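Peer 1: give me a 3D structure for the following:
(one chain, ligands or ions: 2)
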Amino acid sequence: MLEIKGLSLAIQSKEAATLAVQDVSLTIAAGRVVGLVGESGCGKTLTAQAVLRLGEYQCIERVKGDVLWKGESVFDMSDTRLRKMRGGQVAMIFQEPMTALNPVFSIGSQMVEVIRLHLGLSKAKAREHAVQYLEDVGLDEAQHLLNQYPDSLSGGMRQRVLIAMAMSLHPECIIADEPTTALDVSVQKRIIALLRKLQQEKNLGMLLVTHDFGLVAEMCDDVVVMYAGEMVELGSVLDIFDHPAHPYTQALMGCRPEMVKEGEALTVIEGQVPAPGQWPKGCHFAPRCARASDACREKTIAMDAWQHGEHQARCIHVQEQA
Ligand SMILES: Nc1ncnc2c1ncn2[C@@H]1O[C@H](COP(=O)(O)OP(=O)(O)O)[C@@H](O)[C@H]1O
Ligand SMILES: [Mg+2]
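Peer 2: Ligands and ions are numbered 1, 2, ... in the order given. Below is the predicted model of the structure:
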């Protein structure tokens, strides 16, 4: 359904173009959930936004590769075609629900407008449709809610409204960028349960950006691990949890709170993710990697199959093990 193929993206400034995402490839089939994981600053959001060409508003340019929606390049789409795809076929759910809602319009006017635009319903029918989807995501008194403004809702309610908005257009695929990061833990659980239920009921494809491995275990079929603009590992959830291959994935897994026994300190990965423009030569993770050797710092390392073709990692030591 959705295919990202060797995608490289650059941040364009007056002086220069700085590579920020390099050679990322992944595929999402109907009904499958792909998790995109990595620390903050690894290029997850840039990659996710490229699916709907949203980076263009922030001077992010495609350098190489492609994004195919059902075989059609999103970069070749006309503005009209792209508007139809955004929301109508591929919906985006953002991390911060407040920024995605317009504070000066009521929930009703925002939802009804978008529903009319995409589904061509009358105002009254669009209102009914909105109410139905607000109820579907577990919001009570939906009629009353339509007249309220985003300010008067809690974070959890706003995120439910955004999910209702997304679902009301009958998308086939959802791009969810840290959809619960800004919410309280108890609210997170309920929002995740809701997303999971909707995804399964409607057989949606989903790209789930997160740095939370608990969420990956709960939701995802496949996982792509990103580090400093590159994908470093790709595999099924089982591959990644049972046999993480790349030292970065192993380190991330070791950082999970549930991996730590009582009384033990939480492991952290020493050092920081280098920003675009400051990537080292060779393996981007080498400066933080205990296993790094001279060879790691010399040449570009390719993704390579490990246990089987669908489990791949970008690490020469993994290749030696194999
Ligand atoms: N519009 C932009 N201009 C300059 N730098 C950017 C822009 N967008 C993202 N970046 C930088 O690109 C890197 C990757 O960003 P992002 O995709 O948001 O990471 P993630 O979502 O994994 O935390 C970060 O270092 C970030 O600061
Ligand atoms: Mg992000």
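Peer 1: for the stretch 201-322 of the chain, what spans make up the helices?
Peer 2: Assigned helices in the stretch 201-322 of the chain, in chain order: 213-219, 237-242, 247-254, 316-321 (criterion: DSSP state H, counting those that start in this stretch).
Peer 1: same deal with the stretch 51-200 of the chain?
Peer 2: 79-88, 97-100, 107-119, 123-136, 142-146, 155-168, 185-201.
Peer 1: any chance of those helices in CSV, plus mean neighbour count?
Peer 2: In short, each C-beta sits where N, CA and C put it, glycine included. CSV is the format used below for the helices of the stretch 51-200 of the chain (neighbours: other CB atoms under 10 Å):
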stretch, mean neighbour count
helix 79-88, 15
helix 97-100, 17
helix 107-119, 19
helix 123-136, 18
helix 142-146, 17
helix 155-168, 23
helix 185-201, 16
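Peer 1: any idea which of those helices gets closest to Val318?
Peer 2: Closest to Val318 of the helices of the stretch 51-200 of the chain is helix 185-201 (CB to CB; 31.1 Å).
Peer 1: tell me what the closest one is packed against?
Peer 2: The helices and strands touching helix 185-201, judged by 3 or more CB pairs under 8 Å, 6 or more residues apart in numbering; DSSP states H and E, are helix 155-168, strand 173-177, helix 213-219.
Peer 1: out of the helices of the stretch 51-200 of the chain, which is closest to ligand 1?
Peer 2: Closest to ligand 1 of the helices of the stretch 51-200 of the chain is helix 97-100 (CB to the nearest ligand atom; 13.9 Å).
Peer 1: rewinding a little: check the helices of the stretch 51-200 of the chain for me: which has the lowest mean pLDDT.
Peer 2: When the helices of the stretch 51-200 of the chain are compared by mean pLDDT, helix 97-100 comes last with a mean of 71.
Peer 1: stretch 301-318 - what's its average pLDDT?
Peer 2: Mean pLDDT, stretch 301-318: 88.
Peer 1: and the angle for the helix or strand hosting Gly35 with helix 247-254?
Peer 2: Using DSSP states H and E, Gly35 maps to strand 33-37. Orientation check (axes from the mean of the first three to the mean of the last three CA atoms, to 10 degrees): strand 33-37 against helix 247-254 gives 100 degrees.
Peer 1: with adjacent residues omitted, what lies nearest to Val104?
Peer 2: Leaving aside its chain neighbours, Val104 sits nearest to Tyr149 (7.8 Å; criterion: CB to CB, 6 or more residues apart in numbering).
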